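In: One predicted model, sequence on top.
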Amino acid sequence: MLIRQYDIEELAAFLEEPLSDDEVSELHSQRKEIISIKNKEVQYKEKKALESYFDASMNKECRNKAVYEAYIDGHTQLSIAKYLDLSDAMISIIIKKFRI
C-alpha cells in the first residue's frame, strides 16, 4: 500500500503542494488511457469517444449492449448517463444485467 512505502510527513508535504495547470491537464489526459500489462510490458490504449458506441437508430437492446461496452472500456457510469440523457441509476441497472 502507498502509505506504507512513504513516511507520513513526506506524504503530507506532497499533498499540500498544489498542482500546476500543466500537471492537472496531464492527469486529465491520462485518465482517458487504458493501461494493460502483457509480457511484463505496460501498454497504453486510449478510450474510444462515447459517440462511437452509440447510433441514433439503435434499438434499446443494442443501446444497452453499447452502454456495457463503453463502461468496460473505461467510461464512467456518470459520463454515459449524461451522454444518453439517462439517470445514472438506469445505467447502473443496465450494467448489472450484463454482469449476471
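Out: Ah, there it is. Numbers count the residues shown, from 1 in each chain.

In: quick check, Lys45 in a helix?
Out: No - using DSSP: H, G, I helix; E, B strand; the rest coil, the assignment for Lys45 is strand, not a helix.

In: in the chain, which spans are helices?
Out: Along the chain, the segments classed as helices by DSSP state H run 2-5, 8-16, 21-31, 60-72, 77-84, 88-99.

In: Those helices into JSON lines, with extra columns for distance to Phe54, mean neighbour count and mean pLDDT?
Out: In short, each C-beta sits where N, CA and C put it, glycine included. Formatted as JSON lines, these follow (distance: least, CB to CB, whole Å; neighbours: other CB atoms under 10 Å; pLDDT from 0 to 100):
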{"stretch": "helix 2-5", "distance to Phe54": "37", "mean neighbour count": "7", "mean pLDDT": "56"}
{"stretch": "helix 8-16", "distance to Phe54": "39", "mean neighbour count": "9", "mean pLDDT": "73"}
{"stretch": "helix 21-31", "distance to Phe54": "21", "mean neighbour count": "10", "mean pLDDT": "73"}
{"stretch": "helix 60-72", "distance to Phe54": "5", "mean neighbour count": "16", "mean pLDDT": "94"}
{"stretch": "helix 77-84", "distance to Phe54": "7", "mean neighbour count": "17", "mean pLDDT": "95"}
{"stretch": "helix 88-99", "distance to Phe54": "13", "mean neighbour count": "14", "mean pLDDT": "94"}
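
In: Would you format these as JSON lines with distance to Lys40 included?
Out: Listed next are the helices of the chain as JSON lines, based on distance: least, CB to CB, whole Å:
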{"stretch": "helix 2-5", "distance to Lys40": "21"}
{"stretch": "helix 8-16", "distance to Lys40": "28"}
{"stretch": "helix 21-31", "distance to Lys40": "21"}
{"stretch": "helix 60-72", "distance to Lys40": "24"}
{"stretch": "helix 77-84", "distance to Lys40": "32"}
{"stretch": "helix 88-99", "distance to Lys40": "30"}
